[in-house]
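Visitor: 3D model of this:
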Amino acid sequence: MFENQERTHLDELGEFGLISHLTKNIKLTQKSTIKGVGDDAAVLDHAGKKLLVSTDMLLEGIHFDLAYTPLKHLGYKAIQVNLSDIYAMNGTASQVTVSIGMSSKFPLEAIEELYEGIYLACDNYNVDLVGGDTTASKQGLVISVTVLGYADEKDIVYRNTAEEGDLICVSGDLGGAYTGLQLLEREKLVYIENPNIQPDLEGKDYIVERQLKPEARKDIIDLLKELNVKPTSMIDVSDGLASELLHICKQSDKGCNLYEEKIPIDPMTYETAREFGLDPTVCALSGGEDYELLFTVKQAEYDKIKFKMDFTIIGYITEPNAGCNLITKSGNVHPLKAQGWNAFGSQA
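Guide: Residues are numbered from 1 along each chain as shown. From the prediction side, this is the model:
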């Protein structure tokens, strides 16, 4: 469950002792952070910028499985999935708060390992940890992260502003996180059946990392600024490409044509999906947790982006009566359907 096998029971520290222990080495780097941890509330000053706020909760047994999720990776991922929401607004993430609920099975060393990942993510993305809460939990580990960011009003990008004729683009590649999850679940079952068998993940590092340690795409926001390209709409790919594109189309009152042959899928994702008897395209459309950025740009921007390897043009926005369509590799047209993650059920 965690690498450090020494165990210091949390009741030896108490809540305030634990908070003090976990926050004693925090260094603030953002000019907008006036007061961080240590008072009743953080004090921030964004000097006329628009404040952006997003929050996510991760629950043991629902969003992660500690049988194969290292706590350091989990802490890192908990921050990344929140930062991604700010970047999807074309904003700059600046502060986070982290609240955790934990059962008595977790010693101090386990919580330290979790926070190592949290601090690493904050350091890598120049974000200040400015507060949070800790509590006991009877439901296993609970992690709630709120991220704060900012942007000039003119720079903010919403989901509901795509226009007919806009090009649909996506960063990175898709489906890797889902196929990585299938691999981890398979190895977990093998281990349960025979604990003497070691996990067989050789050569699959990329898709395993896509699941356990995703990276929010701040670099794409920086690149678009360098290119002087402002997306007309944007969303992050947390629930699958199909679901996210349908969000943009529904909220913008538009249709779309998405081309299957253009969807970026890494060779390892493709091969692993086939090993599991899965359609790689379905993994990309419905798998989720890739945390790439899906955005639309005006056709006039095509020359600025056409040779960029960081993202791919995968279709275009149409008028609403045309519907939302997937054009297959063989040229057939199918209605685009969302079959991604359902927070109150299972994969559709």
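Visitor: show me where the chain dips below the pLDDT cut-off.
Guide: 1-6, 10-26, 34-44, 340-348 (pLDDT under 70).
Visitor: check contacts around the residue nearest in space to the middle of it.
Guide: Centroid-nearest residue in the chain, with C-alpha atoms, centre = their mean: V81, separated by 3.3 Å. Shown in contact with V81 (C-beta atoms under 8 Å, 6 or more residues apart in numbering): 56, 58, 145, 214, 216, 238, 291. No exception for glycine: its C-beta is placed from N, CA and C like everyone else's.
Visitor: and the gap between it and R159?
Guide: From V81 across to R159, the span is 17 Å (C-beta to C-beta, to the nearest Å).
Visitor: just N196 next, same as before
Guide: Taking C-beta to C-beta, one finds N196 at 50 Å from R159.
Visitor: more neighbours: which of those two?
Guide: Legend: neighbour count by other C-beta atoms under 10 Å for N196 and R159, higher for R159 (20 against 5).
Visitor: which helix or strand contains the spatially closest residue to that one that is not a sequence neighbour?
Guide: Using C-beta to C-beta, 6 or more residues apart in numbering and skipping the chain neighbours, the partner closest in space to R159 is Q251 (4.7 Å). Secondary structure assignment for Q251, by DSSP states H and E: helix 241-252.
Visitor: give me the contacts around that helix.
Guide: With contacts defined as C-beta under 8 Å, 6+ apart, helix 241-252 is touched by 158-163, 168, 170, 174, 233, 235-238, 254-256, 258, 263, 284-286, 288, 294, 296, 317, 320, 324, 326, 336-341.
Visitor: ok, L183 touching V208?
Guide: Yes: contact criterion C-beta atoms under 8 Å: L183 and V208 qualify, at 6.6 Å.
Visitor: mutual contacts of these two, please.
Guide: Residues touching both L183 and V208 (C-beta under 8 Å, 6+ apart): L201.
Visitor: three-state assignment of K72?
Guide: Using DSSP: H, G, I helix; E, B strand; the rest coil, the structure places K72 in helix.
Visitor: so what's it up against?
Guide: K72 makes contact with 3, 113-114, 116-117, 120 under the criterion C-beta under 8 Å, 6+ apart.
Visitor: out of the residues you listed, which end up buried?
Guide: If you count burial by 16 or more other C-beta atoms under 10 Å, the buried members of these come out as 113-114, 116-117, 120.
Visitor: just send these back as CSV, with secondary structure and distance to D128 too.
Guide: Below are the buried ones among the contacts of K72 laid out as CSV (DSSP: H, G, I helix; E, B strand; the rest coil; distance: C-beta to C-beta, whole Å):
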residue, secondary structure, distance to D128
E113, helix, 21
L114, helix, 18
E116, helix, 17
G117, helix, 16
L120, helix, 14
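Visitor: ok, of these, which one's closest to Y76?
Guide: Among these, G117 lies closest to Y76 (C-beta to C-beta), at 3.7 Å.
Visitor: any idea what I317 is bridged to?
Guide: Residues in a beta bridge with I317, per DSSP bridges, are C256.
Visitor: surely it meets P231?
Guide: No: assessed by C-beta under 8 Å, I317 is found out of contact with P231, at 11.8 Å.
Visitor: now do the shared contacts for those two.
Guide: Residues touching both I317 and P231 (C-beta under 8 Å, 6+ apart): T296.
Visitor: and the residue nearest to the centre of the chain, which of the three is it?
Guide: helix.
Visitor: quick one: it and T146, what's the gap?
Guide: Distance from V81 to T146, by C-beta to C-beta: 12 Å.
Visitor: same check, this time on H334
Guide: To T146, H334 is 39 Å away according to C-beta to C-beta.
Visitor: neighbour-wise, which of these two wins?
Guide: T146 (18 against 11).
Visitor: how far is the host helix or strand of that one from where the chain is centred?
Guide: Here T146 sits within strand 142-151, counting by DSSP H and E. Relative to the chain's own centre, strand 142-151 is displaced by 12 Å; criterion: C-alpha atoms, centre = their mean, to the nearest Å.
Visitor: elements contacting it?
Guide: Counting contacts by 3 or more C-beta pairs under 8 Å, 6 or more residues apart in numbering; DSSP states H and E, strand 142-151 packs against strand 50-59, helix 71-87, strand 92-102.
Visitor: within its sheet, name the partner strands of it and how each one runs.
Guide: strand 50-59 (antiparallel), strand 92-102 (antiparallel).
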